[in-house]
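dropping the sequence and predicted coords here.
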Amino acid sequence: KYVYKPYLLFFVYISSNKTFSYFMNITNQELLEISLKIERDGKKFYSELAEKINDKQVSEFFQLMAREEALHENQFKHMIESKNIDRYGWEEDPALRKFIDKEFKTDIFPPTKEILDQFQTTGRINKALELAMDAERIVGEFFRLLHNSCEDIEIKTLLTILEKAEREHLERVKSFKSKF
């Protein structure tokens, strides 16, 4: 009997004595949806924090990060839609499939209300920055895996740019956190 687990994106074959997993191919639409969700959630995360934090310097930092997330959303969408090819090379990449199934079961950027409700001003800003660093690290890894499995040179170049931007975000958040 086959059981489809949509939240894990694979089929499981269950017999009386064995269970086998059959990973589904990664579609361009799935990657587009994941990427757009990541960038939209990042934009929302940073924007909401910018609105709620009273410290002007911190608020401006989060506004900058929100604008950059919006830019990435447009870049990735344009990248996939402009090429309009069926196969990029990542469709059957098991490392990418495993990463997607592990990291994208839940939201990468947590709801800001949880952060703001749980901590005093300094503590919640530090917590928000820690969560931002984790998210930027995961997104950078996602773009690196896409790059490694992609066969189209133009897309590889764009993915390199996006991965580098995420690494720069990570470093920027780390640096800001150390000064804060």
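Sure thing, it's come through.

okay, CA-based contacts and neighbour counts for the rest of this
Will do.

secondary structure class for E114?
At E114 the chain is in helix, as set by DSSP: H, G, I helix; E, B strand; the rest coil.

tell me how many other residues surround it.
11 (other C-alpha atoms under 10 Å).

what pLDDT does K164 get?
Looking at K164, its pLDDT stands at 93.

an error on my part: the question was meant for D101.
On pLDDT, D101 comes in at 84.

quick one: secondary structure of it?
Relying on three-state DSSP, one would call D101 helix.

H78 versus that one, what's the distance?
As judged by C-alpha to C-alpha, to the nearest Å, D101 and H78 stand 24 Å apart.

what about these two, which has more around it?
Taking neighbours as other C-alpha under 10 Å, D101 and H78 compare with D101 leading, 16 against 13.

tell me where this protein has helices.
Using DSSP state H, the helices assigned to the chain run over residues 28-52, 56-83, 94-103, 112-118, 121-149, 153-179.

chain center to the first one: distance?
Which is helix 28-52. Relative to the chain's own centre, helix 28-52 is displaced by 8 Å; criterion: C-alpha atoms, centre = their mean, to the nearest Å.

pLDDT weak spots in the chain?
Per-residue confidence of the chain (counting by pLDDT under 70) places the weak regions at 1-24, 84, 115-116, 118-123.

got the CA positions of stretch 96-109 in PDB?
The C-alpha trace of stretch 96-109 is given here as PDB (Å, rounded to 0.1, in the frame of the first residue of the first chain):
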ATOM      1  CA  LEU A  96      18.400  18.900  -1.800                       C
ATOM      2  CA  ARG A  97      15.300  16.800  -1.300                       C
ATOM      3  CA  LYS A  98      16.500  15.800   2.200                       C
ATOM      4  CA  PHE A  99      17.300  19.400   3.100                       C
ATOM      5  CA  ILE A 100      13.900  20.700   1.900                       C
ATOM      6  CA  ASP A 101      12.100  17.900   3.800                       C
ATOM      7  CA  LYS A 102      14.000  18.700   6.900                       C
ATOM      8  CA  GLU A 103      14.300  22.500   7.000                       C
ATOM      9  CA  PHE A 104      11.000  23.500   5.400                       C
ATOM     10  CA  LYS A 105       8.500  21.500   7.400                       C
ATOM     11  CA  THR A 106       8.000  24.600   9.600                       C
ATOM     12  CA  ASP A 107       8.500  28.300   9.000                       C
ATOM     13  CA  ILE A 108      12.100  29.400   9.000                       C
ATOM     14  CA  PHE A 109      11.200  32.900  10.300                       C
END
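
many thanks, have a good one.
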